[in-house]
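Q: Got a predicted structure plus its sequence, pasted below:
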Amino acid sequence: MISKKMVGLVKGSSVIRAMFEEGKQMAKKFGAENVFDFSLGNPNVPAPKAVNENIKKIVDSENPVVLHGYMSNAGYEDVREAIAQSLNTRFDTAFTSKNIIMTVGAAGGLNVALKSILDPGDEVMVIAPYFGEYKNYVSNFDGVLVAVNPNPPTFEPNYADFEAKISKKTKAVIINNPNNPTGVIYKKEWIEKLAAILDRKQKELDTCIYLISDEPYRELVFKDVEVPYLTKYYKNTIVGYSYSKSLSLPGERIGYLVVPSEADSFDDLISAMGVATRILGFVNAPSLQQKLIKESLNEKTDIEAYNKNRIKLYEGLKALGFECVEPEGAFYLFMKAPIDDDMEFVKVAKEYNILMVPASSFGVKGYVRIAYCVAYSTIERSLPQFAKLAKRYNL
Ligand code: PLP
């Protein structure tokens, strides 16, 4: 018998994953070129060539006992120091290896952070629409997810609702920048407003509220917009980073957490994160991948491929009469469904072999998410199908 908690989690298991499986079945039935699967955020741009070369170099040159061995739970010190110095150069921060914990991707990092700070019943705020997995991560540690109402069409945070929902039990706020699913970038002015509210509420309630910035898409930016580095705006920040999207390595499971030295309970928090990494069963982030990151810190993915897709899809859908949020970052386009029921719209779109994720999976109704990390030709061939869909709704 599996646990009661798992029964619920299995039942509510990711719509996105289910759709990905359905896409594979449809491809078998109709031919892969006739199925337009925009469901999963799996990078279609290969990792930079240097990444594979670096892996070979490391395997050939490192002592295998060290390379494949255990290390400190926080990760290799030289890798953490190299990451700290890279951040300092780019963001004018002052980190050292002490501020960095290597993680098993962003998902691993978020779980380590939440395990370290949550007591049962503590509240974690998210801003809708939000990455659906946050609900599961918070529930892993018996926390309670509190969602701030969405603010379409810009999806700038609803500050009044944000402030009203902060309580004595609020332990953390998770934001995701650039945003999955909207593709919106949280601007400096937005961050300043959120930070001011958090500072005020911490004082008023005499609590400590951590702002967790989930940033796997930090490098995927297509407009001339800065993605603010949050430790500069709010001291109780925890940054979660991952190379899943920025170096197209989602299956390799590598990322890191950053905690600035000025954060409340810094020493305790860093120790707790090391222990959390171990007792959650990760023990440490993958050794080879850590060493790879040190060698690949200046490598970049081919952003232009995503940008070309973004422009074609956004312009194409707008021309057909669909209302879309202009994507600024990540590789998602958030489109308004022509009917209120996004689940029904997604079902109808499937008749045209188009797979999209209903926004209900992200805590919002009436929108769909289109992941455009696909071949450019898929986007080109999908537009006539989207045209039929538009016609069906008299757009
Ligand atoms: N956070 C967000 C917003 C994501 O979109 C994803 C993956 O799609 C993750 C976290 C998990 O990333 P990782 O593969 O690094 O665990």
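A: Perfect, I can see it now. Residues are numbered from 1 along each chain as shown.
Q: Show me the strands in the stretch 101-250 of the chain, by range?
A: Chain-ordered strands for the stretch 101-250 of the chain, with DSSP state E, counting those that start in this stretch as the definition, fall at 123-127, 144-148, 170-176, 210-214, 237-242.
Q: so how far is stretch 34-48 off the chain centroid?
A: Distance, stretch centre to chain centre, for stretch 34-48: 16 Å (C-alpha atoms, centre = their mean, to the nearest Å).
Q: contact partners of that stretch?
A: With contact meaning C-beta atoms under 8 Å, 6 or more residues apart in numbering, stretch 34-48 is reached by 16-17, 19-20, 23, 26-27, 180, 244-245, 247-250, 296, 299-302, 305-306, 330-332, 353-357, 369-375, 378, 381-382, 385. All C-beta spots, glycine's among them, are computed from the backbone N, C-alpha and C.
Q: can I get the CA coordinates of stretch 87-100 in CSV?
A: Written as CSV, here are the backbone C-alpha positions of stretch 87-100 (Å, rounded to 0.1, in the frame of the first residue of the first chain):
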residue,chain,number,x,y,z
LEU,A,87,28.5,35.8,-10.0
ASN,A,88,30.6,38.7,-8.5
THR,A,89,31.9,39.7,-11.9
ARG,A,90,28.5,39.6,-13.5
PHE,A,91,26.3,41.1,-10.7
ASP,A,92,28.7,43.1,-8.6
THR,A,93,28.1,40.9,-5.5
ALA,A,94,30.7,39.7,-2.9
PHE,A,95,30.1,35.9,-2.6
THR,A,96,32.7,33.2,-1.8
SER,A,97,32.4,29.4,-1.8
LYS,A,98,30.7,29.8,1.7
ASN,A,99,27.6,31.3,0.0
ILE,A,100,27.1,28.5,-2.5
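Q: How many residues are close by the residue of the stretch 251-395 of the chain found nearest the ligand?
A: Closest approach between the stretch 251-395 of the chain and the ligand, counting by C-beta to the nearest ligand atom: Gly255, at 5.2 Å. By other C-beta atoms under 10 Å, 27 other residues sit near Gly255.
Q: Tell me who's in contact with it.
A: Contacts of Gly255 were listed using C-beta under 8 Å, 6+ apart, and they are 102-106, 108-109, 216, 240-244, 285.
Q: ok, Lys169 touching Leu118?
A: No. The pair Lys169 / Leu118 is not scored as a contact, 10.5 Å apart, by C-beta atoms under 8 Å.
Q: ok so, going back, please pick the buried ones from the contacts of Gly255.
A: Buried residues within the contacts of Gly255, counting neighbours by 16 or more other C-beta atoms under 10 Å: 102-106, 108-109, 216, 240-244, 285.
Q: want to throw those residues into a markdown table with pLDDT and distance to Leu389?
A: Listed next are the buried ones among the contacts of Gly255 as a markdown table, based on pLDDT from 0 to 100; distance: C-beta to C-beta, whole Å:
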| residue | pLDDT | distance to Leu389 |
| --- | --- | --- |
| Met102 | 98 | 44 |
| Thr103 | 98 | 40 |
| Val104 | 98 | 39 |
| Gly105 | 98 | 34 |
| Ala106 | 98 | 33 |
| Gly108 | 98 | 38 |
| Gly109 | 98 | 38 |
| Pro216 | 98 | 30 |
| Gly240 | 98 | 36 |
| Tyr241 | 98 | 37 |
| Ser242 | 98 | 33 |
| Tyr243 | 98 | 35 |
| Ser244 | 98 | 31 |
| Ala285 | 98 | 43 |
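Q: near the ligand too, which of those residues?
A: For the ligand, the contacts drawn from the buried ones among the contacts of Gly255 by C-beta under 6 Å from any ligand atom are 105-106, 216, 242, 244.
Q: now, which of the residues you listed sits nearest Lys318?
A: Nearest to Lys318 out of these is Pro216 (C-beta to C-beta; 27.1 Å).
Q: Return the residues in contact with the closest one.
A: By C-beta under 8 Å, 6+ apart, Pro216 lies in contact with 105-106, 240-242, 244-246, 255.
Q: what sits against the residue nearest to it when sequence neighbours are not counted?
A: Closest residue to Pro216 apart from its sequence neighbours, by C-beta to C-beta, 6 or more residues apart in numbering: Ser242 at 4.1 Å. For Ser242, the contacting residues are 103, 105-107, 109, 215-216, 254-255, by C-beta under 8 Å, 6+ apart.
Q: Also Gln290?
A: By C-beta under 8 Å, 6+ apart, the contact set of Gln290 is 75-76, 79, 102, 254.
Q: Spell out which parts of the chain neighbour the ligand.
A: By C-beta under 6 Å from any ligand atom, the residues of the chain that approach the ligand are 41, 105-107, 131, 176, 180, 214, 216, 242, 244, 250, 255.
Q: one more time with 8 Å
A: Within the chain, the residues that sit near the ligand (C-beta under 8 Å from any ligand atom) are 41, 104-110, 131, 133-134, 176, 179-180, 214, 216-217, 240, 242-245, 250, 253, 255, 330.
Q: Could you identify the most distant pair in the ones next to the ligand among the buried ones among the contacts of Gly255?
A: It's Gly105 and Pro216 that sit farthest apart of these, by C-beta to C-beta, at 7.9 Å.
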